[in-house]
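Q: What shape does this take:
(one chain, ligands or ions: 1)
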Amino acid sequence: MGILNVTPDSFSDGNRYSTLDAAVARAAAMAAEGAAIIDVGGESTRPGAASVPEAEELARVVPVIEAIAAASDIAISIDTSKPSVMAAAVSAGACIVNDVYALRLPGAMSRAAALEAGVCLMHMQGEPRNMQEHPHYQDVVAEVSGFLTQRRDACVEAGIARDAIAFDPGLGFGKGLSHNLTLLHELAHFAALGAPLLVGVSRKSFIGRILRRPVEERMYGGLGLAALAVMHGARIIRTHDVAATRDAIGMVDAVLQGIGH
Ligand code: 9MG
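A: Model prediction:
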């Protein structure tokens, strides 16, 4: 899953028309590098990020999704928590809802059910504005997996097909360093919960903390974790660095498939 952030700071001059062209070109490049899904987001979910008004989020993502869908048949996911953005994105050509709130905002679950889209349910403690202030858990693996399975039950009850749901432990979302490392160590537990497992570590700050690297130097650390994640059963890796990630996980996959045995 290639990350396509459509926020004013993501493309050089922030002008709507050049941003649209640049975003579509970036999506095409990620598809050529081997992405199977393009994850389009118009609201930052970074720690401390403020929310974006609905009209602004719609204006950022809808033209980009329409243009990508017109140019190719790659799967498009919409990274949003707002029901109206989910609906507009699916009308524009998206087929997956990637919601860091796991459809907890009012109306989100019923809207996702009506759209018949695939859904990624992600765990987050708190919200982006404050999630890294005091993350706390008694048992992070049990709490995150309990949350995900409860949200799945609620989704199925609301009419979302069980096999349309993916899980994501939400690395970096309301987690301290030791929580992130424990979740990564225990990924096989999440992979065994009966839903495709999505993992996102690309450029995240806990990589920078361990390796003492600024954001632009975290790719190799992320590749190590992507390989570990696939080794332990992850099916989707959300990344900024598609070509490098394809190669890293392609090798893990070859070993797992027993090629050469
Ligand atoms: C939007 N977004 C940012 N990081 C993410 C992650 O790790 N997983 C998912 N599903 N979405 C994310």
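Q: out of everything not next to it in sequence, what's closest to the residue of the chain found nearest the ligand?
A: The ligand sits closest to G200 of the chain, with a gap of 2.3 Å, by C-beta to the nearest ligand atom. To be clear about C-beta, it is placed using only N, CA and C from the backbone, and glycine gets the same treatment. Leaving aside its chain neighbours, G200 sits nearest to R238 (3.7 Å; criterion: C-beta to C-beta, 6 or more residues apart in numbering).
Q: Please verify my assumption that that neighbour contacts N5.
A: No. Look at R238 against N5 with C-beta atoms under 8 Å: they stay out of range, at 11.6 Å.
Q: got the contact list for stretch 40-60?
A: 3-7, 16, 23, 27, 61, 64-65, 68, 76-82, 84-85, 88-89, 94, 98, 100, 128-129, 131-132, 172-173, 205 (C-beta atoms under 8 Å, 6 or more residues apart in numbering).
Q: picking up where we left off before, quick one: contacts for the residue nearest to G200?
A: Residues counted as contacts of R238 (C-beta under 8 Å, 6+ apart) are M1, I3, D39, L198, V199, G200, S202.
Q: Low-confidence stretches in the stretch 1-150 of the chain?
A: For the stretch 1-150 of the chain, applying pLDDT under 70 flags the ranges 11-17.
Q: Which residues of it lie near the ligand?
A: Residues of the stretch 1-150 of the chain lying close to the ligand by C-beta under 6 Å from any ligand atom are G41, T45, D79, N98, V100, C120, M122.
Q: Restricted to strands, list those residues.
A: G41, D79, N98, C120, M122 (DSSP state E).
Q: In a markdown table: the residues you listed, plus neighbour count.
A: Formatted as a markdown table, these follow (neighbours: other C-beta atoms under 10 Å):
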| residue | neighbour count |
| --- | --- |
| G41 | 23 |
| D79 | 28 |
| N98 | 28 |
| C120 | 27 |
| M122 | 26 |
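Q: if we can go back for a sec, and the residue of the chain closest to the ligand, its phi and psi?
A: phi -120, psi 110 (degrees, to the nearest 10).
Q: What is the neighbour count of it?
A: Residues near G200, counting by other C-beta atoms under 10 Å, number 29.
Q: Where do the strands of the stretch 1-150 of the chain begin and end?
A: Taking DSSP state E, counting those that start in this stretch, the strands of the stretch 1-150 of the chain run over residues 2-5, 37-41, 75-79, 96-99, 118-122.
Q: to the chain's geometric centre, what's the distance from the last one?
A: For strand 118-122, the gap between its own C-alpha mean and the chain's C-alpha mean amounts to 9 Å (C-alpha atoms, centre = their mean, to the nearest Å).
Q: So which of the contacts of stretch 40-60 sit within helices?
A: Counting by DSSP state H, those place R16, A23, A27, V61, V64, I65, I68, S84, V85, A88, A89, S205 in helices.
Q: Burial check on the residue lying closest to the fifth one once chain neighbours are set aside, number of neighbours?
A: Right, V64. Distances taken as C-beta to C-beta, 6+ apart put A23 closest to V64, at 4.7 Å, once the chain neighbours are dropped. When counting by other C-beta under 10 Å, one arrives at 24 neighbours for A23.
Q: show me what contacts P169?
A: Taking C-beta under 8 Å, 6+ apart as the test, what P169 contacts is M122, H123, V144, L148, L183, L187, F190, V199.
Q: Could you rerun that using 7 Å?
A: H123, V144, L183, F190 (C-beta atoms under 7 Å, 6 or more residues apart in numbering).
Q: which SSE is the last one in?
A: For F190, the host element (DSSP states H and E) is helix 187-191.
Q: any residue of that helix up close to the ligand?
A: No. On the criterion C-beta under 6 Å from any ligand atom, helix 187-191 is out of touch with the ligand, staying 12.5 Å away.
Q: And the contacts of that helix?
A: Under the criterion C-beta under 7 Å, 6+ apart, residues V141, S145, F167, P169, L197, V199, A229, H232, G233, A234 lie in contact with helix 187-191.
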